[in-house]
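> What follows is a predicted structure for the sequence shown.
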Amino acid sequence: MKIGITYDLEQDYRDLGFSEEEAAEFDSIETIDAIDSTLQCLGTDTDRIGNIRSLVGRLAAGEKWDLVFNIAEGVKGFGRESQVPALLEAYDIPYTFSDPAVLSLCLHKGITQRVVRSMGLPTANFAVVENASDLRRVNLEFPLFAKPVGEGTGKGITAHSKIETRAELNVVVKNLLAKFCQPVLVETFLPGREFTVGVVGTGVDAEAVGVMEVHLTPRAERDVYGFYNKKNWREACHYSNIDGALAKQCEKIAIAAYRGLGCRDAGRIDLRLNVEGVPCFLEINPLAGIRPGYSDFCLLNELAGLTYTDFLAAIVNSACNRYNIKWRSERDLENRLIA
């Protein structure tokens, strides 16, 4: 089977003048090397396609692939993650992970919160601030938490994101509106423990890989798992696998959100406890980072005992099952998630 790999390489955008934060969602060459070599170990032929511009040229030249392993983040707009999948669908080429509608929906944290809450799942109370005039309509109990509605990798989240007063709210939100040129999600601050749940599979076959707790060290920015803490996680954070009743509760909420939103193949869901100790949905990443030894999903897998090879095999198998592609890895896959 020939698998193409679509991605946005971080260094390409740094060479164009993007700042470290602006390019933070894009992938390192180490990630692409790991995906490529692992897929080859699984018995497939791989082809590094690159970003959407490269994909356009190669499709126009008549090239095709049995499956595309897509991790392209895109550059602009709430539909940026959906651009490559939409193009592949136009050319009837199968691909991994969620479809364009799901990727666009889940990138907008405010709309995602509305949909998740409509499922009856617990979330913090929230408001979406489109412009400065909306601030006077924010009627939530302090402390609050503010972040851009359409960014990943903790971009826009700092120690200032936790807000204690109306004056702080006005300053922080106006700064975020100016810097990111998009609405801001304002939520009641959730003071409890923070978790992330990895899910692999599609629909009724979706299963939780594990639940990882995020712990901040004294060297971390306080109260937030934001851009600085994620980038400097070796000093700012440590992680642990949890089990028992609380883990099952987190898994139940995560899988319900994952299935309800229509995510496919794999995704990661973040949760945090409220004042009553109830896990509340924070956000979902249907196109999560998968850099070995670095990305939250990979750290979670390691704690849960899932190897990188079995993780990618589970993703490819899920996609192949959806498209009815007959593929069997040459490896003897022992992971229970592999059919």
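Received, thanks. Note that the structure is predicted; figures quoted are calculated from it, not measured.
> pLDDT value on residue 276, please?
pLDDT, residue 276: 96.
> since we're on it, how many residues are nearby?
The number of residues packed near residue 276 is 8, by other Cβ atoms under 10 Å. C-betas here are computed from N, CA, C, even on glycine.
> The one 3 residues further on too?
Burial measure for residue 279: 26 neighbouring residues, criterion other Cβ under 10 Å.
> Number of residues surrounding the nearest residue in space to it that is not next to it in sequence?
With Cβ to Cβ, 6 or more residues apart in numbering as the criterion, residue 279 has its nearest non-adjacent residue at 4.4 Å, and that residue is residue 271. Neighbour count of residue 271, defined by other Cβ under 10 Å: 27.
> From residue 41, how far off is residue 271?
Relative to residue 41, residue 271 is positioned 33 Å away (Cβ to Cβ, to the nearest Å).
> got it, and residue 101?
In terms of Cβ to Cβ, residue 101 sits 33 Å off from residue 41.
> what's the average pLDDT for the helix or strand harbouring residue 230?
Here residue 230, judged by DSSP states H and E, is contained in helix 227-231. For helix 227-231, mean pLDDT rounds to 86.
> same check, this time on stretch 247-266
Here the average pLDDT along stretch 247-266 is 98.
> contacting residues around residue 151?
Residue 151 makes contact with 25, 180, 182, according to Cβ atoms under 8 Å, 6 or more residues apart in numbering.
> So what's the predicted local confidence for it?
The model reports residue 151 with a pLDDT of 93.
> Next: residue 335.
Predicted confidence (pLDDT) for residue 335: 45.
> need the contact list for residue 34.
291, 292, 308.
> Now do the helices in the stretch 101-250 of the chain.
For the stretch 101-250 of the chain, helices defined by DSSP state H, counting those that start in this stretch occupy the ranges 109-118, 166-180, 227-231, 233-236, 245-261.
> And for the shortest one, what's in contact with it?
Read that as helix 233-236. Here helix 233-236 has contacts from 216, 217, 219, 220, 221, 228, 229, using Cβ under 8 Å, 6+ apart.
> What of the second one?
The contact list for helix 166-180 (Cβ under 8 Å, 6+ apart) reads 129, 131-132, 135, 138, 142, 144, 146-148, 150-151, 155-156, 160-161, 163, 183-184, 186.
> Next one: residue 238 relative to residue 215, how far apart?
For residue 238, the distance to residue 215 - Cβ to Cβ - is 5 Å.
> since we're on residue 6, how many residues are nearby?
23.
> With residue 222 instead?
Residue 222, neighbours per other Cβ under 10 Å, totals 10.
> Can we start the residue count at 56 from this point?
Sure, I'll start numbering at 56, so the last one becomes residue 277.
> Between its first and last residues, how far does stretch 141-158 reach?
In stretch 141-158, first residue to last residue: 10 Å (Cα to Cα, to the nearest Å).
> just stretch 282-301 next, same as before
First-to-last residue span, stretch 282-301, Cα to Cα: 27 Å.
> In space, what's closest to residue 318 - neighbours in sequence excluded?
The shortest distance from residue 318 to any non-neighbouring residue, by Cβ to Cβ, 6+ apart, is to residue 341 (4.5 Å).
> Then residue 357?
Using Cβ to Cβ, 6+ apart, the closest residue to residue 357 is residue 348 (7.8 Å).
> neighbours of the one you found, just the number please.
10.
> so where's this structure uncertain?
383-394 (pLDDT under 70).
> Could you break it into its assigned domains?
57-151, 180-243, 249-378 (automatic domain parsing).
> Reformat the ones you listed as CSV; add distance to residue 168.
Putting those into CSV (distance: least, Cβ to Cβ, whole Å) gives the following:
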stretch, distance to residue 168
domain 57-151, 14
domain 180-243, 5
domain 249-378, 8
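> Most tightly packed of those domains?
Sort the domains of the chain by mean neighbour count, taking mean count of other Cβ atoms under 10 Å, and domain 249-378 sits at the top with a mean of 19.
> That one: end-to-end distance?
Termini of domain 249-378 sit 35 Å apart (Cα to Cα).
> secondary structure class for residue 138?
helix (DSSP: H, G, I helix; E, B strand; the rest coil).
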